[in-house]
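Student: Requesting a structural model of the entry that follows:
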Amino acid sequence: MCTNGINTGQFEQMIDQIDDHIKLERRWVHNLAHQAGDAGFSATDDKLHAVQELLDEARALIADAKDALEDDAAAAPGVTVSLV
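Tutor: Numbers count the residues shown, from 1 in each chain. Modelled structure (predicted):
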């Protein structure tokens with residue numbers, strides 16, 4: 001469905017793709033942090049765990065954006081076009 005010129009279904013799928021990408025990168029950062037820690041590279045381990053936390057925050061914001069998209073689409077006063 002399109003609302004105010006935005007295909008909200010497709011837009012939501014794009015948000016999901018970004019979230020999936022960040023989830024994958026978080027997993028890699030997590031693995032690298034543990035490898036660095038196991039090798040005794042404590043500064044690198046600390047920095048990578050900090051990156052992991054930031055990626056967690058990014059994913060939370062992505063979830064908020066997805067919720068906001070639903071709210072904005074529901075409240076949009078513009079024209080709604082549905083495929084028939």
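Student: got a list of what the closest residue to His30 other than its chain neighbours touches?
Tutor: What sits nearest to His30 in space, not counting adjacent residues and going by CB to CB, 6 or more residues apart in numbering, is Gln52, at 5.5 Å. Just so you know, the C-beta spots here come from the backbone N, C-alpha and C atoms, and that holds for glycine as well. Contacts for Gln52 (CB atoms under 8 Å, 6 or more residues apart in numbering) come out as Arg26, Val29, His30, Ala33.
Student: From those residues, which land in helices?
Tutor: Arg26, Val29, His30, Ala33 (DSSP state H).
Student: Skipping its backbone neighbours, what lies nearest the last one in space?
Tutor: In other words, Ala33. Once flanking residues are discounted, Ala33 sits nearest to Leu48: 3.6 Å by CB to CB, 6+ apart.
Student: Tally up the residues packed near the one you found, please.
Tutor: 20 (other CB atoms under 10 Å).
Student: List the contacts of it.
Tutor: Val29, His30, Leu32, Ala33, Ala36.
Student: switch to 6 Å and redo it
Tutor: Counting by CB atoms under 6 Å, 6 or more residues apart in numbering, Leu48 makes contact with Val29, Leu32, Ala33.
Student: Can you give me the neighbour number for the first one?
Tutor: Burial of Val29, expressed as a neighbour count using other CB under 10 Å, amounts to 19.
Student: Arg27 too?
Tutor: 12.
Student: Got the phi and psi for Phe41?
Tutor: Per-residue torsions, Phe41: phi -90, psi 80 (degrees, to the nearest 10).
Student: Would you check how far apart it and Ala50 are?
Tutor: Separation of Phe41 from Ala50 (CB to CB, to the nearest Å) stands at 14 Å.
Student: Over to Asp71?
Tutor: Counting by CB to CB - Asp71 and Ala50 are separated by 32 Å.
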